[in-house]
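Enquirer: quick check, what structure comes out for this input:
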Amino acid sequence: MAIASSVFLCLFFALAYLHAQLAGGCYTSIFSFGDSLADTGNLLLVTGSDGTSVGRLPYGETFFHRPTGRFSDGRLMIDFIAQAMGLPFVRPYLAGGVGGGGFRHGVNFAVGGATALDAHYFESMGMEIKGANYSLSVQLEWFRRLLPSLCSSASGCAALMSDALFLVGEIGGNDYNGPFFAGRSLSEITAMVPDVVRAITSAVDELIGMGARTMVVPGNFPIGCSAAYLSLFQNEKRERTGCIKWLNDFAEYHNRLLEEELRQRRRRHPGLTISYADYYQAAMEIYAAPQDHGFGESPLAACCGSGGGDYNLNSTAQCGEEGSNVCSDPSRQISWDGLHLTEAAYRVTAGGLLGRHITPSIARDCPELNWTVPGDGYVSSS
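Expert: All right, here's what the predicted structure looks like:
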């Protein structure tokens, strides 16, 4: 049995390599891993609308006109990427593969609240992770279990893996949010960063071992510009953008470590596309000149929240809960609910990602695509 298994694996990877040489390079499916920045409905499917405010309006009001489990008023980065590739919105894993085209064009394993590190890591710090453990390793296990149902032969699996775009994140933000909001020290949280980066790049290594050819790994957003952090650290000194410098420095530290690890993997695997998506710079372009991108004079406040104040997050009622409010025009705000962006902000950052804020570009593998963020006329079966 062991010999037969080894022969199959050798055949699988030989076919994967051959297919990569012959394929045109365009992506036929997307496999996504991550947290609420990429979740298209998994958490909502776990909890139901009573278990999470994301299952209630005004979530989803702008594009879908109903809550879909996305942590925004409309589309996310992954939605704009799928649209640019001419693919349907990526179906959440927990919805199952029956109906609506199933998983023919990919699967989204991202879950709101997910961490890169496993729950036992936080337990060792004396911290409890709320809800079930949907860490990156759990999401990878879901993919491993699902893969045999997506392809029935070694050549079929090789073609599937070679023609797919793998989005490994954004993830890692919740690993830091929990400790920051719990009042842990900056030095203690900074010491976590190499472990978080290691968890992300270990997932990249696993996907490479399974035959993935094209991976996009996003960095952290500038958390010092997040309405939730601005509300938490109201007395901290602000930069010209209104953001908190030391928090942005922390995000950049995470991103530098992640970039270096990805560079090492590109050197080890020159035939693969292992891209770093610079969410930080793509977002900072908006914060540096919000009105140039169509945002209002006070774009840092959360569109959906409660309590008024500078950031609309001064009470315990969260977006979607009784007592919360929503701004009249989300397209003028960057922040949706304090931690997540509006569809308008995701649209701009997605445009940056599909342009110059990714190294190396995934567009080079599929030059016949337009690679621009589509307009509002897009119709999806999702």
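Enquirer: can you give me the helices for the stretch 51-200 of the chain?
Expert: 77-84, 119-124, 136-150, 154-163, 173-181, 186-190, 193-210 (DSSP state H, counting those that start in this stretch).
Enquirer: with mean pLDDT and mean neighbour count added, can I get these in TSV?
Expert: Heads up, the C-betas are built off the backbone N, CA and C, glycines and all. Putting the helices of the stretch 51-200 of the chain into TSV (pLDDT from 0 to 100; neighbours: other Cβ atoms under 10 Å) gives the following:
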stretch	mean pLDDT	mean neighbour count
helix 77-84	93	24
helix 119-124	93	14
helix 136-150	95	16
helix 154-163	92	20
helix 173-181	96	21
helix 186-190	97	13
helix 193-210	98	18
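Enquirer: right, and those - which one's nearest residue 52?
Expert: Comparison of the helices of the stretch 51-200 of the chain against residue 52 by Cβ to Cβ identifies helix 173-181 as nearest, at 14.6 Å.
Enquirer: other residues contacting that closest one?
Expert: Helix 173-181 is contacted by residues 35-37, 113-117, 122, 125, 127, 129, 188-189, 192, 196, 220-221, 223, 229, 232, 250, 254, 339 when judged by Cβ atoms under 8 Å, 6 or more residues apart in numbering.
Enquirer: one more: stretch 187-202?
Expert: 116-118, 121, 125, 135-137, 168-169, 171-172, 175-176, 179-180, 217, 250, 253-254, 257-258, 261-262, 265.
Enquirer: and those residues, which are buried?
Expert: 116-117, 121, 135-137, 168-169, 171-172, 175-176, 179-180, 217, 250, 254, 257-258, 261-262, 265 (16 or more other Cβ atoms under 10 Å).
Enquirer: name the element the closest residue to residue 331 other than its chain neighbours belongs to?
Expert: Among residues not flanking residue 331 along the chain, residue 344 sits closest, at 4.2 Å (Cβ to Cβ, 6 or more residues apart in numbering). In the assignment (DSSP states H and E), residue 344 maps to helix 343-354.
Enquirer: got the angle for that helix vs helix 77-84?
Expert: 60 degrees (axes from the mean of the first three to the mean of the last three Cα atoms, to 10 degrees).
Enquirer: packing partners for helix 343-354?
Expert: For helix 343-354, the elements it packs on are helix 77-84, helix 279-288, judged by 3 or more Cβ pairs under 8 Å, 6 or more residues apart in numbering; DSSP states H and E.
Enquirer: what's the next secondary structure element after the last one?
Expert: Read it as helix 279-288. strand 304-305.
Enquirer: from the chain's centroid, how far away is that next one?
Expert: Centre-to-centre, strand 304-305 and its host chain are 21 Å apart (Cα atoms, centre = their mean, to the nearest Å).
Enquirer: do the same with stretch 225-233
Expert: 20 Å.
Enquirer: show residues contacting that stretch.
Expert: 180-181, 223-224, 241-244, 247-248, 283-284, 287, 300-302, 305, 309-314, 334-335, 338-339.
Enquirer: which stretches of the chain have low pLDDT?
Expert: Applying pLDDT under 70 to the chain flags residues 1-25, 98-101, 364-365, 367-382.
Enquirer: just give me the longest helix of it.
Expert: Longest helix in the chain, counting residues (DSSP state H): helix 245-268.
Enquirer: outside of that helix, which residues touch it?
Expert: 172, 176, 186, 189-190, 193-194, 196-198, 200-201, 204-205, 208, 217, 219-225, 229, 233, 236-237, 239, 272, 274-276, 278, 280, 360.
Enquirer: the residue nearest to residue 331: how many residues sit nearby?
Expert: Counted by other Cβ atoms under 10 Å, the residues lying close to residue 344 total 26.
Enquirer: which residues touch it?
Expert: By Cβ under 8 Å, 6+ apart, the neighbours of residue 344 are 294, 295, 330, 331, 332, 333, 334.
Enquirer: just give me the closest of those to residue 57.
Expert: For the contacts of residue 344, the nearest to residue 57 is residue 330 (12.4 Å; Cβ to Cβ).
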